[in-house]
Structure formats: structure tokens, C-alpha cells
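> One predicted model, sequence on top.
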Amino acid sequence: MRQACKITAAARALAGEMVRPGVRTKEIDKAVHDFILSQGATPSFLNYGGYPASACISVNNVVIHGIPDSRKLQEGDIVSVDVGAYYHGFHGDCAATYACGEISPEAQRLINVTKQSFFEGLKFARQGNRVSDISHAVQTYVESNGFSVVRDFIGHGVGANLHEEPNVPNYGAPGRGPRLIRGMTIAIEPMVNAGTYEVQVLKDHWTTVTRDGKLSAHYENTVLITDGEPEILTVSGEL
């Protein structure tokens, strides 16, 4: 599991380094695909439920599941990259949103708040707490900063399967849901919108956009519940 997550995190970092004006999203996807294969792993997302690529690359008002294509990134875009790698029977899963060149202060604040909301939730990813303690912390932080958390899509358990129990929403009252125990591995993944939390899935059945057309950001890591501090498994570093 740790090795799968290490490969996944390195693939995310590679994708992030490629986010710049003029780069096509399908070029980033190919680089992610080739890198994961070079590490002896396979892309978790490719053909998962029919998904046609190795990375989800979501630009601006696309929340999640953006399909890479020939579009060129432009100065001022914000680009969410979600990747997964399957290695010796286990999956890693992580995401982050990157600035393409110079972006607006509000777009940067959205990215910052989204990432920090993950860490606010992480504080409660401890043995004995409930899943919704994480959810409540994420929602409280996001909404206190004037943004909204997506409700139609949520975090999840991850391990031998890419999506497992328990569900890990980014909203809700504390003290509910399964109790966290040592050895659980979960994907905590705030999806945060600049406007309404409502989203819409397009006709390709994958691409999910904000209903009001405003920006969205995404940040995710695979986390191990221990008998002490939680461990982020999808940490970048040398392989």
C-alpha cells in the first residue's frame, strides 16, 4: 500500500510540474500513464468503469473527472489532477489543484483553502473518532472562508479496491458514521467550489462541472489511521 501510494504521489507531482500555458491535457495524461507503468504499476483509473484515461484533469469550473484531450492550458487556468496507481494488489489515490502561470488572487485563495481544509479534516483522522468528525471539520473550514463543499461526490476507503467503505463525505454533523480504527486507509478529498456546491455531470457521463460556472478546486491524499497521528501515504519524494 505504501509503495502504491508513493508511486501515485510521484505521478501527481509529475503532472503538477507539467501544468503550464500551452501544454495539452492529453500530454499530461500520457506522462502520468508512462510513469506509472515505468514503476511496475498500472493506472488505477484507466478503464475503471469505462473511464478512458489514466488521469482525471479538470480545468477551472470542472470539479472532477475531466477527460484529457487536445485542449491547451492557458495562462490563468487552475488545473486539478487526480491520479491513482495499482501496485501488487493495492491502490493509491491522490489529487491536487495547480496554477497555470499567473492566476487571480481569488483562484489562489480557493486552492489554498481547499488544501488547508484537507489538513483540518486530517486532525480528526484518529483512532476512536467517527468518519463525520473529518467531514465536519472540512465543511466548517471551507464555509468559514466563503466557499462551498461538493456534496454529490465524496471521499472513500481505498485499498485492494479503488473505492471501498467507508464513505468519507466533506460535510455533515460530527459524531456520525463508522468509527475509525487502526489500519484503515481512507481517501480524504475535499472538492471545493467558489460558488454553489451544486454540480452537473455532462453528456459524456464523466465530466462534472459547477452548476453556476464558477471555479472549483480539489485536494486528496490516501491516509492511514494509526494508534497515534494519521499517516499520509501519498507523500511526494524520491522513488
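Cool, the structure landed.
> what about Gly228, how many neighbours?
Using other Cβ atoms under 10 Å, Gly228 is surrounded by 9 other residues. Using the backbone N, CA and C atoms, a C-beta is placed for each residue, glycine as well.
> check contacts around it.
The contact partners of Gly228, taken as Cβ atoms under 8 Å, 6 or more residues apart in numbering, are Arg126.
> And it, what's its pLDDT?
Looking at Gly228, its pLDDT reads 96.
> Output the contacting helices and strands for the strand or helix carrying Thr97.
Under the criterion of DSSP states H and E, Thr97 resides in strand 90-99. The contact analysis (3 or more Cβ pairs under 8 Å, 6 or more residues apart in numbering; DSSP states H and E) places strand 90-99 against helix 2-18, strand 78-87, helix 105-122, strand 216-218, strand 221-224.
> In the longest one, which residues are buried?
Across helix 105-122, burial judged by 16 or more other Cβ atoms under 10 Å covers 107, 109-111, 113-122.
> got any ranges where the chain has weak pLDDT?
Within the chain, the stretches falling below the threshold (pLDDT under 70) are 237-239.
> swap the cut-off to 90 and go again
Low-confidence segments of the chain, defined by pLDDT under 90: 236-239.
> re earlier: Serialize the buried residues of helix 105-122 to TSV and add fields for distance to Pro230.
Output for the buried residues of helix 105-122, formatted as TSV (distance: Cβ to Cβ, whole Å):
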residue	distance to Pro230
Ala107	29
Arg109	26
Leu110	25
Ile111	22
Val113	21
Thr114	19
Lys115	16
Gln116	16
Ser117	15
Phe118	11
Phe119	10
Glu120	13
Gly121	10
Leu122	6
